[in-house]
Structure formats: C-alpha cells, structure tokens
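> sharing a sequence plus its predicted fold:
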Amino acid sequence: MDEKWVCYRCTYKNSPLNLRCMMCETLRETNPNTGKWKCLACSFSGNSLCYQSCDNCGKFQDDLLASRKDLVPNNLSKEGFWQCNACTYHFNNSNRSTCAMCGTINNHDVNSEKTWTCSACTLINPISAKQCEVCDTPTSEESSLSKWTCPVCTCDNFNTLTCRFCHSEKVLSNVVKMESKWQCSECMHLNSNSRLECLLCKSLHNDRSKLEAASSNVSSSDKELKSLQTTCIMKSQEKEILKIWKNICLFCAEQNICFVDDSFLPCPKSISWLPQYPHIVEYVQWLRPSSISSRSWTVYENPRPDDIVQGKVGDCWLMSALAVIAERRELIENLIPSKYSKCGVYHVRLYRDGQWKMVIVDDLLPCDRNGKLIFSKADRNQLWVPLIEKAMAKLCGCYEALAGGTCHEALQSLTGAPCLKIDLESEDDEAWAYLLSSWESRFLIACACGDKVNSNDTDLDYESLGLAKNHAYSVLDVQEVEGNRLLQIRNPWKCFSWKGKWSNDSPLWDTINPATKHNLLARCGDGKFWMCFKDVRRNFNNMEVCKVCPDWHEMGIQGRFLSHANMPLKVHILTVHKTAEFDFSIYQNDRRSCFKDGKPWLPVDILLLVFKYNQNGKCILGDLVVCRRKIQSHMNLTNVLEVGRYAVICLGFNHWEVGNSTNPNLNSDPIPYRLVLHCIKAFILREMKLASSYDDYFLLADTIIKLVLTLGKKQTIAENVQIYCFSKVGTIIMAENNSSYTPVTVYINGNDKSRNIVSSRGSFTTADTVPPLHRQVIMIFTQRENAYYRISYNTKADFKANCVNYPPLGLQVKALHSPRPI
C-alpha cells in the first residue's frame with residue numbers, strides 16, 4: 001500500500017485511497033502554493049476552494065472525480081467506488097462500510113465471510129489481516145481482553161497502560177466494557193452516558209429526558225447548596241482543561257504536527273451558515289500565524305484597547321467589549337493564557353448560557369488572497385483578539401453567527417459578571433450618579449449608538465456627527481471636569497470620531513485648565529474621543545454596566561419552564577445571612593444557539609418572582625419582594641435582600657399549547673433555563689420539596705394571585721366584584737368576588753383587534769363562575785414574540801348566570817385557573 005498523503009490545508013494524513021481530504025474535503029491535487037484546484041473537464045486551474053463547482057464550465061468536483069477512473073490508485077479496481085443511497089455521494093471508496101459524507105451504512109453486497117469491519121474507523125479489512133490496515137486496530141478477537149476506552153479523550157486503546165492519544169493512565173480494570181456516549185453540542189466532547197453534564201465544558205446532556213431525570217432527582221431532596229466563590233469555580237475548571245491541553249500538546253510534539261480542531265474545521269461551513277459566502281468575503285485561506293507574518297508572535301503582551309481592529313463580520317459588540325477589558329490585564333488572563341503554543345492549540349474560557357465553557361481552538365485563522373486576516377486582529381502581532389473571536393465563533397456555529405449583538409451579551413460572555421442597563425431616559429442627575437459610581441467601582445461600561453424607542457430625534461444624521469448608527473462603542477473613562485460631565489468613548493473601527501461638543505477640535509476645551517485639557521486630549525485619536533453626558537443621552541440608545549468583582553459568590557441551578565399547569569412548580573428557597581445586593585440572571589436558548597441547532601428562535605416570556613418565605617403559614621408565599629417580566633433570551637434582576645428566607649420562582653406562558661381538548665398533551669418537552677445568583681456575601685439555596693397536598697397543587701394559582709394583588713390595577717365592575725390587571729408583556733386578569741353568599745359569572749370577550757397575543761385558556765373569550773369570597777385567575781394574555789403587540793377585550797359580570805367555566809378547566813390549566821379562597 002502507498003504511503004499516506006498529507007493535506008496541505010489542514011495537515012491531516014489521509015489514506016492513499018482518498019482523493020479528497022477526509023477532514024476538510026480539499027482535493028488531493030490542489031496546488032499548495034495558490035490554494036486553487038484544477039477542473040478535470042476544461043483544465044481551468046483557478047477555482048477557489050470555497051466553491052464545489054468549476055468557475056469556467058460549472059462542472060462539480062465529485063462528478064468529475066467519479067468519471068475519471070484514471071485517477072483511482074493502482075491498487076484499487078475500476079469498480080472502486082459506491083454511491084450512497086441516502087445522500088447520493090458517489091465517491092466512496094469500496095473498502096469503506098459507511099458514507100464519507102453522511103455516515104450511512106453501505107448497502108452494497110460485501111462478502112462478510114472474507115472480510116471484517118474495523119470497530120474504530122469502519123474500514124473493511126481482509127479476513128487474513130490481524131489488525132486494521134489504516135488505524136492498526138486489532139480484530140475483535142485479538143482485542144477483546146485488552147481493549148479500554150480513555151476516560152479523558154475517549155480514544156480506544158489496545159494492550160497499553162497509557163492512552164495512545166492523550167497519554168492519560170489506564171484507571172479501570174483490565175477489561176472495560178464499551179458503552180455508548182453522547183456528544184456535547186457546545187464543545188463536541190464525547191461523554192459517558194452516565195454523565196449528565198459535559199466533562200469538558202459542563203454543558204448539560206443534549207437529551208432533555210436526561211435533564212428531566214436530573215431535575216426530578218434534585219426535587220426529591222431538600223439538600224442545601226452553598227454558594228461558591230467565582231474564582232474557585234474557575235480554578236476547578238482550569239485544572240481539567242489544562243490536563244487535556246497538555247496531553248494534546250504532548251501528542252502533537254511527539255508526532256511533529258500542528259493541532260487541527262476537528263470540531264471546527266478550516267472549511268466554508270466554519271465561516272458561514274451557507275455553503276458559499278460571497279456576502280462576507282470572496283476568498284478564504286486558513287493560515288497559521290507563522291504563514292501570515294515571519295515576525296515573532298505573542299498571544300498578548302501589555303494589551304491595550306488600541307490594539308483591537310474589527311474585521312469583515314459585524315461583531316462590533318464583541319470588539320467594543322474586548323476594548324473595555326483590555327484595560328484590565330487580569331480579565332484577559334481569565335480568558336486565555338499568555339503562553340504562545342508552538343503546536344497551535346489554545347484554550348479559551350467564555351461565559352455562555354449562565355456557565356463558564358472551556359473552548360479548545362487551533363491557530364488556523366481565515367485570511368484573504370494576500371494572506372491578511374479577514375476578521376479581527378490585534379496590532380503588534382498579538383493573537384488574543386482573533387483567538388477569542390474564533391472561540392466565540394465555534395460556540396455559536398460559525399463566524400457569520402457573530403454578526404449583530406449587544407454590549408450586554410459581549411460583556412457577560414467575557415467576564416461572567418452580571419450586567420445592568422443604565423436608563424438614559426431617566427433623570428440626568430440620577431443616571432450620571434449611577435454611571436460615575438459604577439466607574440469608580442471599576443465596573444466595565446459599553447454603549448450602543450442609535451435611535452431611542454420614544455425619541456423625537458429619529459431623523460438625526462449620525463454620519464455627519466461622526467457616529468455610526470446601530471454600532472457598539474467602548475467607554476474608557478468617566479470624569480466630571482470643572483462642572484462638565486464627560487465620557488471618553490472609543491470606536492472599535494479605530495476611525496470615525498465624534499464631531500460635536502467636546503470633540504478633539506472643539507473650542508470648549510479652551511474653557512478649562514490648560515493642563516487638564518492637555519492631559520485629556522493626549523489620550524485621543526484612533527477612534528477615541530470625548531463627549532458630554534447630555535450628547536451621550538441624545539445619541540446613544542443603550543448603555544450597559546458590567547459589575548466585575550473578584551469577590552463574587554455565585555450559584556447556578558438548572559430548571560425548566562412549565563409547559564402547562566399540571567406540572568409541579570419548582571420553588572427555590574434562598575437563605576440570606578447578611579443584608580446584601582443580589583443579582584438574579586436567567587438564561588434560555590439565545591438566537592445564536594437556536595440557529596446553530598437549526599431551530600426557530602422563540603424566546604419564552606420570563607417571569608421571575610421573589611417572595612418572602614412563609615414557613616409556618618398555610619401558603620409558603622409571603623409578601624412579594626420583587627419581580628420582572630420580559631421576553632428575552634437573558635434577563636437580569638437586581639435587588640437588596642435583608643436577612644431572612646425567600647422563595648424564588650421562574651415562570652413563562654407564551655409557549656403553552658393549551659386548548660379545550662379532552663386529551664391534552666401533558667408530555668410536551670419542557671423548555672430548559674438556567675438561573676444564576678450573584679452576591680458579595682455567601683448564601684444558601686435549596687430546592688423545596690413540595691407535598692402532594694391540595695394547597696401545593698394550586699401553588700401556581702396562588703403565585704399569580706399574589707403578583708396581581710400586589711402590582712395589578714384594581715377596577716370594580718359590579719357590587720363586591722373587582723377585576724385586577726397586571727400589564728407587562730401582556731395582561732394577567734384576575735377576578736375577586738367579595739360577596740358572602742352570591743356567586744358571580746365573569747365574562748372576558750377578546751376581539752379581532754388583538755395582535756401577537758396568546759391566551760392561557762386557548763381562547764380569547766371566557767366565562768367563569770367565581771364562588772363567594774373567592775379569587776380566580778381568569779386569563780393570562782401573553783405577548784407571543786418580541787415585537788409589537790396589542791390586547792383588546794372587555795369584561796362583564798352577571799350574578800344570574802351560572803356556567804361554571806368556559807372553556808372547561810382541563811388538566812392543562814386547572815391548577816392555574818381554579819377559584820381560590822380569599
């Protein structure tokens with residue numbers, strides 16, 4: 001058999017039977033100097049690797065290869081290919097048992113008596129071979145007593161005491177049974193089925209049934225969980241990833257190769273969701289730093305905001321956040337180590353979906369025809385910016401997925417700290433006081449330019465003012481100079497600066513002390529400028545404060561939004577030992593995660609409630625302390641909690657599939673979320689084990705009634721009959737019958753003017769008889785999508801009618817809409 005050939009593009013060693021690289025699909029005959037492939041039909045040699053068809057004649061690579069039998073190696077017969085019945089790929093080598101494209105098993109006749117299939121790479125070998133001709137795996141008979149799976153990298157090993165890939169020691173008995181594994185959707189690591197979370201990045205099992213089992217296991221326990229310091233959590237993760245990183249480096253050094261990340265290959269689908277991406281860039285070649293520049297490279301050395309340059313994807317939201325943290329070296333050290341890797345493997349720490357994720361990447365970076373970086377870069381031959389951007393692209397699916405985002409998302413992804421939006425439409429003194437206090441606390445600040453929702457300045461010419469509309473900026477300084485409230489702001493494009501008051505050439509600088517003027521203006525240029533707070537409030541529609549603090553205590557818990565009222569309500573009891581400010585953050589699948597998984601993005605309306613815990617009362621819920629309701633993939637809530645115990649509940653309603661059918665779907669998949677708490681002081685959190693009593697069954701109804709009674713608007717529609725309405729992301733309607741003897745029937749009549757609304761009853765028209773001295777949640781109108789919505793309805797009360805409930809209260813809604821005693 002001929003020697004293996006090395007792909008010039010990704011350095012993978014391929015079998016001589018492969019005419020295309022098994023990793024990145026590059027043709028074997030591609031010119032390594034130009035990166036072009038030659039058409040076998042018209043001989044045109046200028047075809048880009050980005051395209052599968054010839055630019056000149058339009059013929060596809062695969063069709064040409066299959067038709068040219070003279071390209072098949074000498075040791076392969078003319079009948080050396082088979083066509084896949086699933087994806088129709090017809091360039092599979094005859095000795096493969098599965099399709100190279102889609103993995104479908106070969107249905108063509110194979111003489112099983114004269115061959116055996118390798119359990120590691122699926123190659124079909126002759127019966128006389130004692131080990132696989134490609135990967136050297138022994139036959140099943142030879143390896144049955146010596147085969148074991150590495151618990152770190154999941155590599156199959158034979159007759160060794162250390163893993164042949166990562167060199168981890170064999171820790172199990174001599175005989176290890178092969179078990180099925182699940183692949184993490186975030187970092188692609190293969191995990192044992194016995195694990196509920198990924199060993200590498202701590203993401204939950206993709207299978208929701210596992211999530212439900214984990215939730216039910218926790219629910220059966222009243223075990224108290226103590227908060228941990230964020231630094232301890234990060235150190236614990238770092239030990240695990242450092243071991244894997246070192247083993248990869250050792251393997252690459254022994255094999256004298258550079259690392260290629262097979263879970264984020266240097267190929268078109270890592271650039272864009274689409275197979276072709278002329279809308280982003282016409283040509284891409286993946287180069288390592290040494291091929292980009294012969295000068296020495298570093299990961300970072302004295303990083304500065306001025307180092308960062310945005311590339312050809314719209315991720316200014318990420319670049320502006322990187323510019324903010326560039327002022328704090330310790331924050332960059334939390335993200336990526338400073339040591340340059342000769343074998344091209346790095347590990348990056350990012351905070352996504354409420355938890356830290358460790359992402360391993362290689363240093364193959366997208367470049368143009370001239371060998372220049374296409375996307376972000378850092379001056380002075382530093383790699384930290386493009387490597388962090390690549391890690392974020394890997395988490396989100398591709399570089400194109402980074403287009404568009406918020407300062408909030410970027411700051412939280414890079415720091416893991418809770419973020420708070422400054423209300424720029426509030427009183428000027430109040431907003432400035434909070435902004436100045438945040439800066440003095442060394443919090444991070446970023447902002448976005450654009451029209452405000454309720455602003456009259458919708459015709460502002462931002463370009464003439466030196467600003468970019470719908471663009472993210474970094475806030476580098478906040479100062480009050482001789483009565484003037486000033487902010488130093490930076491454009492990640494390193495150009496296009498503010499031209500208004502207090503700009504670099506403004507005459508207002510002559511009104512202050514010359515020494516102060518010189519000191520402040522000396523730090524301008526390269527997209528940095530000063531602006532007064534009044535102009536910031538007028539031209540910027542969003543400002544985020546990231547509350548970075550080394551002393552955070554945090555805890556994250558997994559939950560699921562109720563799909564209907566018949567599911568048990570999850571309640572967490574928070575114990576506060578010292579009065580302190582708490583930050584609650586709730587995460588659900590965001591737009592990028594849904595696009596990556598090929599699912600529509602339909603965020604749940606998050607309703608977070610914090611009650612005083614009533615341990616001795618009939619109902620566990622005391623007074624409502626704070627709540628917030630919003631349709632977002634991520635929501636924050638901040639409040640000072642005094643010493644005591646609190647009940648924390650998270651709900652959502654716009655995903656309910658409720659009708660008046662007699663056979664409701666009670667087994668619909670729950671939507672997961674993650675609740676994270678941050679506080680300077682230590683705290684305790686436990687999930688409450690609810691009893692199967694009558695009162696606990698109706699806890700959902702009691703929760704909504706408590707909310708509406710506290711924050712809803714009261715309206716009397718008849719004698720002793722009140723309607724309470726809580727209007728936020730829809731409207732919650734509750735009826736109260738204060739009559740001692742007479743029941744009342746309450747009618748809700750919705751009309752066709754309502755838009756973008758769903759009903760918890762499955763109908764916009766309801767009739768319910770409320771018994772004397774009872775309250776009832778009549779209807780929950782919820783905004784379906786995060787867009788304009790309108791609710792139009794009228795109410796009526798009738799003491800004579802007695803219809804009980806219409807639509808009937810089935811199992812899906814009974815625990816929410818049943819009458820409750822006052």
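That came through fine.

> residue 639 pairs with what?
residue 582 (DSSP bridges).

> contact partners for it?
By C-beta atoms under 8 Å, 6 or more residues apart in numbering, the contact list for residue 639 reads 581, 582, 584, 610, 625, 626. Backbone N, C-alpha and C define where each C-beta goes, glycine included.

> now the lengthiest helix in the chain: mean pLDDT?
Longest helix of the chain, by residue count under DSSP state H: helix 230-255. Across helix 230-255, the average pLDDT comes to 87.

> adjacent strands (with direction) for the helix or strand just after that helix?
Proceeding N to C from helix 230-255, the next assigned helix or strand is strand 285-287, under DSSP states H and E. Counting by DSSP bridges, the strands paired with strand 285-287 are strand 365-367 (antiparallel).

> what residues does the helix or strand following the strand it pairs with touch?
Next along the chain after strand 365-367, taking DSSP H and E as the criterion, comes strand 377-378. Contact partners of strand 377-378, identified using C-beta under 8 Å, 6+ apart, comprise 300, 303, 307, 308, 309, 311, 384, 385, 386.

> ok, residue 499 touching residue 466?
Yes. Contact criterion C-beta atoms under 8 Å: residue 499 and residue 466 qualify, at 3.9 Å.

> low pLDDT regions in the stretch 301-450 of the chain?
For the stretch 301-450 of the chain, no stretch is flagged by pLDDT under 70.

> with adjacent residues omitted, what lies nearest to residue 809?
Once flanking residues are discounted, residue 809 sits nearest to residue 817: 5.5 Å by C-beta to C-beta, 6 or more residues apart in numbering.

> what is the burial count for the one you found?
26 (other C-beta atoms under 10 Å).

> ok, it - contacts?
Residue 817 neighbours (C-beta under 8 Å, 6+ apart): 565, 701, 760, 761, 768, 776, 777, 778, 805, 809.

> the nearest residue to the third one once chain neighbours are set aside and residue 415, how far apart?
Spelled out, it's residue 760. Take residue 760 and drop its neighbours on the chain: the residue closest to it by C-beta to C-beta, 6+ apart is residue 780, 3.8 Å away. Plainly put, residue 780 is 36 Å away from residue 415 if you go by C-beta to C-beta, to the nearest Å.

> who has more neighbours out of these two?
residue 780 (27 against 24).

> now do the strand or helix carrying that one: distance to the chain's middle.
In the assignment (DSSP H and E), residue 780 maps to strand 774-783. Averaged C-alpha coordinates place strand 774-783 at 33 Å from its chain's average position (C-alpha atoms, centre = their mean, to the nearest Å).

> again, but for stretch 548-565
15 Å.

> put the alpha carbons of it into CSV.
Once non-C-alpha atoms are left out, stretch 548-565 reads as follows in CSV (Å, rounded to 0.1, in the frame of the first residue of the first chain):
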residue,chain,number,x,y,z
VAL,A,548,-16.9,42.9,37.5
CYS,A,549,-15.9,42.0,41.1
PRO,A,550,-13.2,39.5,42.3
ASP,A,551,-15.3,38.7,45.4
TRP,A,552,-18.5,37.4,43.8
HIS,A,553,-20.2,34.4,45.3
GLU,A,554,-22.4,32.6,42.8
MET,A,555,-24.6,29.6,42.2
GLY,A,556,-26.3,28.3,39.1
ILE,A,557,-29.2,25.9,39.0
GLN,A,558,-31.0,24.2,36.1
GLY,A,559,-34.7,24.5,35.7
ARG,A,560,-37.5,24.1,33.1
PHE,A,561,-40.4,26.4,32.2
LEU,A,562,-43.8,24.8,32.9
SER,A,563,-45.4,23.6,29.7
HIS,A,564,-48.8,23.5,31.4
ALA,A,565,-50.3,23.9,34.8
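
> which parts of that stretch are buried?
Within stretch 548-565, the residues that count as buried by 16 or more other C-beta atoms under 10 Å are 548, 552-565.

> now swap in stretch 706-721 and tell me
Residues 706, 707, 708, 712, 718, 720, 721 are the ones in stretch 706-721 that count as buried (16+ other C-beta under 10 Å).

> the third one: what's it in contact with?
Read that as residue 708. 724, 725, 726, 732, 734, 777.

> ok, now how distant is residue 319 from residue 129?
On the measure of C-beta to C-beta, residue 319 and residue 129 end up 54 Å apart.

> which one of these two has more residues nearby?
Taking neighbours as other C-beta under 10 Å, residue 319 and residue 129 compare with residue 319 leading, 27 against 14.
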